[in-house]
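Q: what's the 3D shape of this:
(one chain, ligands or ions: 2)
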Amino acid sequence: MSVEVLDGATIVSFVEDEEAFNNSIRNRFAHLDTDHDGLLSYAEMMQELKSLRVFETHFGIDEKPDPEELASVYNSLFVQFDHDSNGTVDLEEFKEETKQMMLAMANGLGFLPVQMVLEEDSFLMKAVEKEFTAKAAA
Ligand SMILES: [Ca+2]
Ligand SMILES: [Ca+2]
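A: Numbers count the residues shown, from 1 in each chain. Ligands and ions are numbered 1, 2, ... in the order given. This is a model prediction of the structure:
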């Protein structure tokens, strides 16, 4: 994990770069799909749901979440990804929902840069790295 500064525009430019975004989505999906059946089960999605930082938003950083409440938060997140409610998340659903979540986050951030603690291989980290590379190339 590392602390990075990002704003809404960093996220939007990452999401809107379709090729880079689709690549990251495919990589992430393949990484999560541990039984390689091309679908993400609830158990496989857990790793992703945990990285969405629901702890901070729902419970605060220092609070110890109630396991039952936590399970229901994860469950409702999973349902949000599973657009056709068939109990699994396919690549399209994963891509669509991740995009929506990142754009919603970008909206929330607006144009004021904030400091965030990011996991190494998270989408936000990739967004920051992309911007860094773009700046270095300019
Ligand atoms: Ca699977
Ligand atoms: Ca589905």
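Q: okay, now T10: neighbour count?
A: T10 is flanked by 21 other residues according to other CB atoms under 10 Å. Bear in mind the C-beta positions are built from the backbone N, C-alpha and C, glycine included.
Q: and it, what does it touch?
A: By CB atoms under 8 Å, 6 or more residues apart in numbering, the contact set of T10 is A127, V128, E131.
Q: helix, strand, or coil at it?
A: helix (DSSP: H, G, I helix; E, B strand; the rest coil).
Q: against R28, how distant is it?
A: Separation of T10 from R28 (CB to CB, to the nearest Å) stands at 18 Å.
Q: most neighbours, which of the contacts of T10?
A: A127 (27 neighbours).
Q: chain neighbours aside, what residue packs nearest to it?
A: Distances taken as CB to CB, 6 or more residues apart in numbering place F14 nearest to A127, at 3.6 Å, with adjacent residues excluded.
Q: what's the following helix or strand after the strand or helix carrying that neighbour?
A: Take DSSP states H and E as the rule and F14 turns out to sit in helix 8-16. Scanning forward in sequence from helix 8-16 by DSSP H and E, the next helix or strand is helix 18-32.
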